[in-house]
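[1] how would this look folded up:
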Amino acid sequence: MSILLLAGSPAIPSNSSRLLLHIGDLLAARGHRHSRLHIRDLPPRALLHGDSEEATIRRALAAVAAADALVIATPVYKAAYSGALKAFLDLLPQNGLANKYILPIATAGSQSHLLALDYALRPVLQALEAKNVLTSVFCTTHQLQWNDDAGLSLAPTIAARVQAGVEELSGLLRQTRSGGASVHAVGPHALPARSLRDHPYNAGSQAA
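    Sure thing, here's the model as predicted:
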C-alpha cells in the first residue's frame, strides 16, 4: 500500500528527517513501498500564503491524498511542532487525512518536550479525520547519533519504540490489504530509501 514519509523540518541536517528515513528503510524491509516529501522543498511563498493552486503545492497535496498511511516527522521547538509542518497541514481539506493511518515522530533537545506530539500535533491530525493516529515516537538529540560511515544509531529504548511503531503500522496496512482495500504498491522486493546520507552529519550544526 502507499506510504508517504512527510518531513516537517526546515533544517539541513535534520535529526527528525534522518529518523524518518530510517523508519522508511524499516518499512521497505517489510515489503512496503513509500515516497517522501520534504516540506522544506516546497515554494516558501506559496506555502506561507496558503496557495494550494501552485503547481508544486498541488502535487504535494495530491501525494497526501493518494497515500494510505503517512509517517509524519517534526522537530519540536518550544513545545510546538514545526511552523513549516503547521503551514502545510493548514492546506489540507477538513477531511484531508480521512481513512489514513498516521505514525507521528518527533525529535527535540530534551524530554521536556515529550508531550508536544500528544497535546499539539495529535489533535490536529484527529481534526483532519485521520483513521488511526498510532502511538507517537519521541526522541531527544541525545538518543540518536549520526556517523558518516555507520549512519544512524539509536539508543536501545528508542530503537524498541521505533520497531514497535513500524510493526504496528505494517500490521495495520497488511490487515487493510487482506481485507480487500486497494493496493498501490507493496511487494517483497521493495527498495529502501537510501537517503540517510543526503545530509552529512555535522556535530556543530545538527538540528532536530
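[2] What is the burial count for E167?
    12 (other Cβ atoms under 10 Å). C-betas here are computed from N, CA, C, even on glycine.
[3] Dihedrals phi and psi, it?
    Main-chain dihedrals, E167, degrees, to the nearest 10: phi -60, psi -40.
[4] quick one: it and L117, what's the gap?
    Counting by Cβ to Cβ, to the nearest Å, the gap from E167 to L117 is 19 Å.
[5] same deal with A84?
    16 Å.
[6] and what of G31?
    According to Cβ to Cβ, G31 stands 27 Å off from L117.
[7] How about R174?
    Distance, R174 to L117, using Cβ to Cβ: 25 Å.
[8] One more: A65?
    Applying Cβ to Cβ to A65 and L117 gives a distance of 23 Å.
[9] if you count what's nearby, which of the two comes out ahead?
    The neighbour comparison of A65 against L117 (other Cβ under 10 Å) goes to L117, with 23 against 14.
[10] Next, the residue lying closest to S170 once chain neighbours are set aside: phi, psi?
    Spatial nearest neighbour of S170, chain neighbours left out: R30 (4.8 Å); criterion: Cβ to Cβ, 6 or more residues apart in numbering. With angles defined as degrees, to the nearest 10, R30 sits at phi -100, psi 10.
[11] Likewise for the one 3 residues further on?
    As for R33, its main-chain torsions (degrees, to the nearest 10) stand at phi -90, psi 150.
[12] how about the strands in this protein?
    In the chain, the strands defined using DSSP state E lie at 3-7, 34-38, 69-77, 80-81, 101-108, 132-133, 137-140, 144-147, 151-154.
[13] now these as CSV including distance to R58, mean pLDDT and mean neighbour count?
    Converted to CSV, these look like this (distance: least, Cβ to Cβ, whole Å; pLDDT from 0 to 100; neighbours: other Cβ atoms under 10 Å):
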stretch, distance to R58, mean pLDDT, mean neighbour count
strand 3-7, 15, 98, 25
strand 34-38, 13, 96, 20
strand 69-77, 18, 96, 26
strand 80-81, 23, 92, 21
strand 101-108, 22, 96, 25
strand 132-133, 26, 96, 18
strand 137-140, 30, 93, 21
strand 144-147, 34, 87, 16
strand 151-154, 32, 89, 16
